[in-house]
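1. with the sequence up front, the predicted model follows.
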Amino acid sequence: MKKQLLALSLAAALFLSAAGCSKPTESSGGGSSAADGYPEKAITVIVPFSAGGEHDLTARTIATRLQEMFGWTVTIQNTTGDSAAAIEYMKGDYTDGYTLFMHSPEVMAASLVSGQLNEPYYEDFVYLGNFVYDPLCICVTADSPYNTIEDLFAAAKEDGSINWACVGAGGKNEMDAQNLWDIAGVSFNYVPYDDASKSRAAVLGGHAVVYQSYASGAKSSVDAGELKVLAVGADERLDFWPDVPTLKECGYDVTVGLTRCWDIHPDTPQEIVDVLTEKLEECVADPTTQEQLIAMGQSPSWMTNEEMHEYGEYYYGVYGDIYAKLNG
């Protein structure tokens, strides 16, 4: 198995390691089980982001590998409005194990902090296991005059109206941006878009200067020579971008990224949860799956349901602190 390409932030990593790496529990007793013959039909994964984005591409990679490895049929259902979709899913009748939901606990925790969610759904979901950890990256066009993050921030100190394109308003991504600016002592004009393809197109089309993304959302454009990466929010340089410094190397104490996982309704029979968790862990550990994820710019990083809950709670505190600092 290829090693994970990046570590989580030191504090989060230490926090998570204490949780251990527990295995899914096995159902007890004899007789029939809710998981007998599961799955007997197609499984639908609701991805509350548009097609072609990082969440979508990750979901489709895992779905394809489940088909290839186990013969499962998994369909991806794209929608928009991630917070609203989480509410609808949790209040819907999705307890038979055939409709899953894709999200990230730190995104839901940040949404709760910012008021986009009014209930702690990051606490309520059952996480079927995390697939990847995707570090933040700051990009500009390949022909941009800014060749380092220091160049960009020096320009921002002279002109605080430079357009900074990203996905979503008021939630995790905007808080990540504002936190970085606050640490660097700079200002930009944050311009939110519905999805990563639109924010990337805005930069490539000259409507914005900076593209805040995650590594997987920028990699294909970087490989094509359209974008260049000024810095990444990882603890260490990424193997596929060895010349790109981390924000910490540049003097900004920021380590930030995004997990991607499939969740399931908490009222789903445990036997089905166990089957899904076991097969997904096997799928993510498979070398072919890892190679495909790495090629996309993703960093394979398995975490259990228990670890994901600890992770979400940790980042609820992180984003609570950021929100208070920025709005106090």
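-> Looks like it arrived, so ask away.
2. can you give me the strands in the stretch 201-328 of the chain?
-> Per DSSP state E, counting those that start in this stretch, the stretch 201-328 of the chain carries strands over the ranges 210-214, 227-232, 257-264, 299-303.
3. for the ones you listed, give me CSV that also has distance to Leu57 and mean pLDDT.
-> (Glycine included, C-beta is placed from N, CA and C.) Converted to CSV, the strands of the stretch 201-328 of the chain look like this (distance: least, C-beta to C-beta, whole Å; pLDDT from 0 to 100):
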stretch, distance to Leu57, mean pLDDT
strand 210-214, 11, 97
strand 227-232, 17, 98
strand 257-264, 10, 96
strand 299-303, 14, 94
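4. need these in CSV with distance to Glu278, can you?
-> Shown next, in CSV, are these (distance: least, C-beta to C-beta, whole Å):
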stretch, distance to Glu278
strand 210-214, 28
strand 227-232, 33
strand 257-264, 13
strand 299-303, 12
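5. longest helix anywhere in the protein?
-> helix 305-327 (DSSP state H).
6. thought Phe70 was touching Lys279?
-> Yes: with contacts counted by C-beta atoms under 8 Å, Phe70 reaches Lys279, the gap being 6.0 Å.
7. between those two, who's got more neighbours?
-> Lys279 (18 against 12; other C-beta atoms under 10 Å).
8. give me the distance between that one and Gln67.
-> Using C-beta to C-beta, to the nearest Å, Lys279 is found at 12 Å from Gln67.
9. go on, Asp151?
-> Taking C-beta to C-beta, one finds Asp151 at 46 Å from Gln67.
10. repeat that for Glu40.
-> For Glu40, the distance to Gln67 - C-beta to C-beta - is 15 Å.
11. so between those two, which is more surrounded?
-> Neighbour count, other C-beta under 10 Å: between Glu40 and Gln67, Gln67 has more, with 12 against 7.
12. before we move on, back to that, reformat the strands of the stretch 201-328 of the chain into CSV and put mean neighbour count and distance to Tyr133 next to each item.
-> Below are the strands of the stretch 201-328 of the chain laid out as CSV (neighbours: other C-beta atoms under 10 Å; distance: least, C-beta to C-beta, whole Å):
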stretch, mean neighbour count, distance to Tyr133
strand 210-214, 27, 10
strand 227-232, 23, 12
strand 257-264, 25, 5
strand 299-303, 22, 4
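13. nearest to Ala34, out of the ones you listed?
-> Nearest to Ala34, of all the strands of the stretch 201-328 of the chain, is strand 257-264, at 12.8 Å by C-beta to C-beta.
14. the closest one pairs with which strands, and in what direction?
-> Its sheet considered, strand 257-264 pairs with strand 99-103 (antiparallel), strand 126-141 (antiparallel) by DSSP bridges.
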